[in-house]
Structures are given as structure tokens and as C-alpha cells.
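Asks: I would like to see how this sequence folds:
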Amino acid sequence: MTTSIEFNRRQALLGILGGWLAGCGPFQDGMALGQDVGPADRSPPSVSRKLTPSGTAEGREVAAATVHPLATRAAMQAFDRGGNAFDAAVAAAFMLGVVDGHNSGIGGGCFILARAASGQLIAIDGRETAPARAHRDMFIRDGQPDPLASQFGPLASGVPGQVAALANLSLRHGRGDWSAGLLAAAEVANEGFELGSGVAAAIERKASQLAKFPASAATFLGPRGEPRAAGEIFRQPDLGQTLTSLAAEGPDWLYRGPFAERCDRWMAEHGGLLTRADFASYTAKSREPLVTPYRNWQVVGFPPPSSGGIHVAQMLLMLESFPIGKLYREAPATAVHLLAEVMKRAFADRAHWLGDADFASVPKGLIDRAYCQRLAASINLERASQVLSHGNPPRAEDDLFSDRHTTHLATADAAGNWVAITNTVNTSFGSCVVIPGTGVVMNNEMDDFSIAPGTPNAFGLIGAEANSVQPGKRPLSSMSPTIVLDAAGNPRLSCGAAGGPRIINATLQCVVRMLDAGATVGEALAAPRVHHQWSPDELMMEAEWDPTIVRAVQQLGHVLAKPGDIAIAQAIEMTAAGLLRAAADPRAKGSAAAR
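Replies: Numbering: from 1, shown residues only. Below is the predicted model of the structure:
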């Protein structure tokens with residue numbers, strides 16, 4: 001039940017944002033309808049480490065899973081206040097920006113995929129956009145591409161979209177818990193929390209870059225420039241004040257008020273392109289979710305500018321031609337080989353075809369069943385194949401998707417509201433720029449564009465014209481929030497991950513482990529994973545794979561990369577007994593809760 005205080009708070013925020021909801025601000029629907037933890041931002045696992053299901057919780061009323069216990073607690077507190085799964089997800093997202101701020105926050109963006117109790121499918125695109133003054137040659141120096149300029153410093157940031165997207169979700173589908181979630185996050189920012197080893201390690205890796213910007217150094221480094229250490233109480237008073245201001249004034253504070261003004265001033269002084277006008281023109285777009293039949297299920301994914309939704313669907317349609325569940329049980333090396341082969345084909349298509357569908361021609365034929373079956377028919381189960389280039393989907397010119405570091409969270413409630421959100425500032429600490437006086441870490445999502453044909457980004461991905469830099473354009477993302485429905489349209493699984501391009505393949509393997517191999521959500525997240533992204537032509541296998549399986553995969557002709565963690569995932573399932581079961585990835589110290 002909504003209390004009068006909650007109702008009044010909601011009405012006040014609606015008053016502040018009424019104009020935007022009417023179509024002149026961040027909540028305007030688009031005609032149609034991130035990143036992610038970089039490869040160097042996760043330490044390779046110990047060969048002796050054994051992953052077992054952990055962080056699993058069951059209940060009949062509500063459930064939540066995030067990468068940090070304080071964020072999961074924030075979600076459960078939102079439920080306790082009478083909120084639904086939408087409110088819980090918003091509260092968790094804002095808290096993650098405080099306690100896991102090197103991966104996500106209000107200086108970044110997100111994709112939101114949800115299923116409402118009414119059966120409505122929701123996709124909200126909070127991806128960052130390129131500044132109005134951005135141009136295709138902005139990262140070219142002396143005729144050569146300069147990847148560092150797109151990864152670090154004032155040119156690396158797009159207009160943040162997370163706040164607009166979360167406000168959209170909260171106001172349209174929540175029960176008025178916007179301010180409470182922000183104030184809870186502000187309290188932790190002000191009072192501090194014990195710095196975990198993961199965040200401390202990230203600070204140490206990026207200390208030299210953070211030291212170049214006074215506000216960044218003051219936030220994350222000690223008085224002598226030393227990285228903050230694990231175990232110390234980490235306070236962020238500037239960020240706390242920012243969150244408090246957002247709670248009181250709504251997103252206008254960020255997009256049309258003090259934050260936009262401070263960012264404009266800092267960028268102008270340091271050679272950046274973002275302006276107040278860029279912030280004022282930002283919109284969080286409603287997209288049309290992708291719904292793909294897979295065996296007896298309906299797999300719901302996010303459309304472009306996500307590449308994940310298309311390629312999870314594409315790989316599932318390829319896998320339909322094979323008994324992947326049986327292979328997992330009886331011939332695991334063949335299962336790994338098969339996964340590598342479908343991944344190669346999907347990522348080859350990604351490199352050529354994918355971009356922001358509002359700007360580029362992204363063919364719907366990529367998930368045409370007959371096209372995917374043709375790709376599957378080219379797979380030899382006895383030998384690795386060389387995929388030289390992208391495929392040619394049908395109707396590539398006239399049937400298009402265009403009605404014209406990172407963290408994932410999941411929430412669900414008994415009413416049937418399910419939410420999957422992937423949030424990001426791209427690589428750890430984004431651009432390493434903190435806007436003075438705000439505590440906000442700015443993203444480096446401009447690196448997710450193809451800054452020049454054939455030039456790899458921070459994740460080793462290459463792109464083509466479809467993902468070139470253009471003003472107002474959204475860079476391609478690997479974020480892959482996914483929801484699986486049964487034949488009757490009831491939600492049965494929600495999952496997603498953090499980890500750059502590894503997100504796509506980790507999400508795929510979670511879905512396949514559960515739907516085809518019969519794993520529980522905890523077992524699916526704990527199972528060892530593989531990753532292939534076409535370029536470079538090498539297969540990564542996590543260290544937990546049995547050495548005999550690794551050798552068998554090599555004998556099939558695969559070149560193996562150095563082992564490393566393949567993404568960090570969170571998921572929720574509805575069990576046959578009617579329980580909501582939430583699980584956190586044992587690769588990180590996440591948490592799950594339910595009641």
C-alpha cells in the first residue's frame with residue numbers, strides 16, 4: 001500500500017518532471033524500441049579455485065541479486081517500504097553507483113529490460129550519446145587512430161543516460177520510491193562503507209590515470225597519492241550531496257541544472273566536447289524488446305544499440321540444430337567446441353552489421369531462423385573452422401531494426417514484475433574523470449564506437465561503418481539483459497552479466513545451462529564458461545575446466561587464450577515449486593536475497 005508520504009513524494013517528482021514525461025525531455029519515447037568491466041579489470045582465477053554455487057536465496061514474495069551486499073540490501077529495503085520489483089531495481093542501481101562506482105554510476109548508462117505483472121514487456125535505453133560536436137575523426141592524430149583518447153580524459157565521455165532511464169522506470173512502473181532509494185545511497189556515500197578488495201584493486205590499477213585529475217585523486221587516492229586500501233572506510237561526501245540533490249530536485253538537476261553546468265565548464269577548460277545543450281537534449285528511449293522462440297521458450301532480449309540481444313538470440317537459433325544439453329552431460333569437449341563455433345559466427349556478424357539502429361542499417365535477418373540454420377550447417381562438430389568474415393543475412397537492406405566496466409542486477413516479485421538492468425561506465429572508472437564538486441565518475445563510452453575501421457577498442461573488438469562516431473549517436477554495447485518466458489508467457493528466468501564482450505557469451509551459457517542442461521540458477525552461474533569473439537581467433541576457457549576437456553578442445557583445433565574470468569553474472573529463476581530463487585556469481589562477492 002502506498003502511504004500518503006510516498007504518494008506526495010511521487011506527485012512532487014511528477015510535477016518536476018511533468019514536461020519531460022509529456023515529450024520534451026529525457027522521458028520522450030524514441031521512434032525505435034554497457035561497459036563494461038574491461039579485460040584487464042578482472043584478475044585471472046587461480047588454477048586451484050573451484051567454483052560452487054553461492055549467494056543463492058529462495059522465497060515466495062520477492063527476490064534480488066546484485067554484485068554487492070549493500071546494493072542487494074537496498075533492493076530488499078525498497079520491497080520493505082512497499083515498493084515493487086521496479087522500485088527495488090532502481091534503489092539497487094543507485095546504491096551500486098556508490099559501493100561499486102568503478103563499474104557503474106550516474107555518470108554512465110544502462111539498459112533496462114523488464115516484464116510487468118500485466119505481461120507488458122519493457123525495454124528502456126539509457127545508453128550514453130555522443131556530443132553534438134563529435135565527429136568521425138575526433139580520435140585521429142597525425143593521420144592515425146589514438147585509442148587512448150577515446151578511453152581516457154575529456155574526449156572519452158558521452159552524455160550519461162542512467163538517471164533518465166531509472167527515472168523513467170520508477171515513475172512509469174514503480175510505486176513512488178525514487179527519492180528513498182537515492183537518499184539511502186546518499187547516506188552510504190556520506191557515512192562510508194568498508195572498501196572491498198575488488199574496488200581497492202581497481203583503484204590501484206588505475207591510480208596513475210586517476211592522479212591526473214584533482215577531483216579524481218581527491219576521491220580515490222590518499223593525501224600522498226597512494227591508492228585507498230581494502231578495509232578502510234571509504235566516504236564520498238560530494239557524491240552524497242549529488243544524490244541528495246537528485247532526490248530533492250529530480251533529473252532536471254543533472255540534465256538542465258547544476259551538474260550540466262559544472263560538466264560544461266570543466267569540459268570547456270580541458271578540451272572536452274560535452275555541453276549543457278547535450279545534457280538538455282538527452283532522451284531515454286523506449287525500445288521494442290526482441291522476442292525469440294527457442295525450443296519451448298520465449299527469450300526476451302534488448303535490441304540495438306545492444307548487440308547482446310541480437311547475438312544471444314542468433315546463437316540460440318544456431319544451437320537449436322544440436323542437442324547441446326546432452327553434449328554438456330556426455331561430451332563436454334564437444335559442447336565447448338560447439339559454443340566456440342556459434343560464438344565466432346555471431347561476433348563476425350557483430351563486427352560488420354551492428355550499431356545504433358537509429359543511425360545504421362541493422363538487418364533483422366540476423367535473427368532469421370533460416371539464416372541461423374545456414375550458419376549452424378557450416379559447423380563441423382569434429383574440427384574447429386576458420387570464420388573469415390561476416391555472414392549475409394536475408395533482406396539486409398530493407399528489413400531493419402529502426403523504427404527509426406559494468407554491473408548487472410536482477411529483481412522480481414510475486415506479482416510477476418521482473419527487472420534486469422545492466423549498468424556501466426565502460427572500463428573501470430570510465431574516463432577516470434570526476435567532475436569537481438559532484439563525486440561523479442564520467443563514462444568512457446566513446447571507446448565503444450569504432451574510432452577507425454579495424455582499430456580495436458579496449459576490449460579488442462573491431463567495428464565497421466555501422467558503429468562509427470556521429471553526433472547524438474549511441475555506441476554499440478555488449479550489455480545483454482535477458483528474460484525467459486514459458487509457453488504461457490510467464491517469467492521463468494532473468495539473467496545478465498558484466499564483462500565487456502564476454503557479457504554476451506556468459507548470458508548465453510547461463511540460458512543454455514538452465515534451459516537445455518537442467519541446471520539450477522546457482523549451478524548455471526557457477527559452471528565454468530568459455531568465450532570466443534572472432535577477433536582475435538582464440539578461445540578462452542576458465543581455469544575450472546577439467547584438464548582432459550581442455551586438451552580435447554585443443555585437439556579439435558582451437559587456439560586457447562590465457563584463462564581468465566568470463567564475466568560476472570546475476571540471475572533469478574522461478575522454480576517448479578513456485579519459488580523465486582536468486583543467485584549471485586561466485587566469481588565475485590555478490591549477494592542474493594529473497595523472502
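
Asks: do you know how far the residue lying closest to residue 372 once chain neighbours are set aside is from residue 496?
Replies: Nearest non-adjacent residue to residue 372, counting by CB to CB, 6 or more residues apart in numbering: residue 317, 3.6 Å away. C-betas here are computed from N, CA, C, even on glycine. Separation of residue 317 from residue 496 (CB to CB, to the nearest Å) stands at 20 Å.

Asks: coming back round to it: give the contact list for the residue nearest to residue 372.
Replies: If you count contacts by CB atoms under 8 Å, 6 or more residues apart in numbering, residue 317 has them with 292, 294, 367, 369, 372-373, 376.

Asks: Can I take it that it is in a helix?
Replies: Yes: counting by DSSP: H, G, I helix; E, B strand; the rest coil, residue 317 is part of a helix.

Asks: Where does the nearest residue to residue 571 once chain neighbours are set aside sit, in terms of helix or strand?
Replies: Closest residue in space to residue 571, ignoring its immediate chain neighbours: residue 495 at 3.8 Å, by CB to CB, 6+ apart. Per DSSP states H and E, residue 495 falls inside strand 491-498.

Asks: continuing past that strand, what's the next helix or strand?
Replies: Next along from strand 491-498, by DSSP H and E: helix 502-515.

Asks: So in this structure, which helix runs the longest?
Replies: helix 332-353 (DSSP state H).

Asks: what about that helix, average pLDDT?
Replies: Helix 332-353 carries an average pLDDT of 89.

Asks: so after that helix, what's the next helix or strand?
Replies: helix 369-377.

Asks: I'd like the average pLDDT over whichever helix or strand comes after that following helix.
Replies: Using DSSP H and E, the helix or strand that follows helix 369-377 in sequence is strand 406-413. On average, the pLDDT along strand 406-413 is 93.

Asks: For the closest residue to residue 315 other than its chain neighbours, list the residues it contacts.
Replies: With sequence-adjacent residues excluded and distances taken as CB to CB, 6+ apart, residue 315 is closest to residue 342, at 4.5 Å. Contact partners of residue 342, counting by CB under 8 Å, 6+ apart, are 315, 318-319, 375-376, 379.

Asks: and if we set it to 7 Å?
Replies: The contact partners of residue 342, by CB atoms under 7 Å, 6 or more residues apart in numbering, come to 315, 318-319.

Asks: And the closest residue to residue 345 other than its chain neighbours, how close does it get to residue 367?
Replies: In space, not counting the residues next to it along the chain, residue 345 is nearest to residue 375; the distance is 4.9 Å by CB to CB, 6+ apart. Residue 375 is 11 Å from residue 367, where distance means CB to CB.

Asks: Could you double-check that residue 219 lies in contact with residue 236?
Replies: Yes: with contacts counted by CB atoms under 7 Å, residue 219 reaches residue 236, the gap being 6.4 Å.

Asks: For the closest residue to residue 130 other than its chain neighbours, the count of nearby residues, please.
Replies: Among residues not flanking residue 130 along the chain, residue 473 sits closest, at 5.1 Å (CB to CB, 6+ apart). Residues lying near residue 473 (other CB atoms under 10 Å) number 21.

Asks: Check residue 119 too.
Replies: 11.

Asks: Please identify the helix or strand for it.
Replies: Using DSSP H and E, no helix or strand contains residue 119.

Asks: what about the closest residue to it other than its chain neighbours, is that helix, strand or coil?
Replies: Spatial nearest neighbour of residue 119, excluding adjacent residues (CB to CB, 6+ apart): residue 489 at 6.0 Å. Put simply, residue 489 is coil when judged by three-state DSSP.

Asks: what's the spacing between residue 489 and residue 299?
Replies: Residue 489 is 13 Å from residue 299, by CB to CB.

Asks: Compare the two and say which is more crowded by neighbours.
Replies: Taking other CB under 10 Å, residue 489 and residue 299 do not tie; residue 299 has more neighbours (23 against 12).

Asks: Is that one in a helix, a strand, or coil?
Replies: Using three-state DSSP, the structure places residue 299 in strand.

Asks: What of residue 112?
Replies: strand.

Asks: What's opposite it in the beta bridge?
Replies: residue 124, residue 421 (DSSP bridges).

Asks: Counting neighbours, what do you get for the residue nearest to residue 345?
Replies: 24.

Asks: For the residue nearest the centre of the chain, give its distance to residue 77.
Replies: Nearest to the mean C-alpha position of the chain, counting by CA atoms, centre = their mean, stands residue 422 at 3.2 Å. When distance is defined by CB to CB, residue 422 is 22 Å away from residue 77.

Asks: do residue 242 as well
Replies: In terms of CB to CB, residue 242 sits 21 Å off from residue 77.

Asks: Same check on residue 279?
Replies: Distance, residue 279 to residue 77, using CB to CB: 30 Å.

Asks: more crowded one of those two?
Replies: residue 279 (23 against 19).

Asks: sec struct for the more buried one, please.
Replies: The three-state assignment at residue 279 reads helix, by three-state DSSP.

Asks: likewise residue 58?
Replies: What three-state DSSP gives for residue 58 is strand.

Asks: who's it bridged to?
Replies: Bridge pairing for residue 58 - DSSP bridges - gives residue 581.

Asks: contacting residues for residue 495?
Replies: 482, 507, 510-511, 569, 571.

Asks: which one of these is nearest residue 433?
Replies: The shortest approach to residue 433 among the contacts of residue 495 belongs to residue 569, at 28.7 Å (CB to CB).

Asks: Work out the sheet partners of the strand or helix carrying that closest one and label each with its direction, please.
Replies: For residue 569, the element it lies in under DSSP H and E is strand 568-574. According to DSSP bridges, strand 568-574 forms sheet pairs with strand 491-498 (antiparallel), strand 580-584 (antiparallel).

Asks: Mind listing what's buried along the helix or strand just after the shortest one?
Replies: Elements were assigned by DSSP H and E; along the chain past strand 580-584, the next helix or strand is strand 591-594. With burial defined by 16 or more other CB atoms under 10 Å, the residues of strand 591-594 counted as buried are 591-594.

Asks: Likewise for stretch 266-273?
Replies: Those would be 266-267, 272-273, for stretch 266-273 by 16+ other CB under 10 Å.

Asks: for those, which one is nearest residue 525?
Replies: Among the buried residues of stretch 266-273, and counting by CB to CB, the member closest to residue 525 is residue 272, at 38.9 Å.

Asks: where's the closest one relative to residue 471, distance?
Replies: From residue 272 over to residue 471 (counting by CB to CB), the distance is 14 Å.

Asks: still on that earlier bit, now do the strand holding residue 569 and strand 406-413, the angle between them.
Replies: 10 degrees (axes from the mean of the first three to the mean of the last three CA atoms, to 10 degrees).

Asks: Kindly report the domain assignment for this structure.
Replies: 4-49+64-284+412-465, 287-404+480-594 (automatic domain parsing).

Asks: Tell me which of the ones you listed approaches residue 58 most closely.
Replies: domain 287-404+480-594 (4.7 Å).

Asks: now do the same end-to-end measure for that closest one.
Replies: 30 Å (CA to CA, to the nearest Å).

Asks: Which neighbouring residues are in contact with the residue lying closest to residue 210 once chain neighbours are set aside, exactly?
Replies: Spatially, and ignoring its direct neighbours in sequence, residue 210 is nearest to residue 216 (4.4 Å; CB to CB, 6+ apart). By CB under 7 Å, 6+ apart, the contact set of residue 216 is 210, 432-434.

Asks: now with 8 Å?
Replies: Neighbour list for residue 216: 210, 429, 432-434, 441 [criterion: CB under 8 Å, 6+ apart].

Asks: What residues sit buried inside the helix or strand harbouring it?
Replies: Residue 216 is part of helix 214-220, with elements assigned from DSSP H and E. By neighbour count on 16+ other CB under 10 Å, the buried set for helix 214-220 is 215-217, 219-220.

Asks: ok, of these, which one's closest to residue 200?
Replies: residue 220 (9.8 Å).
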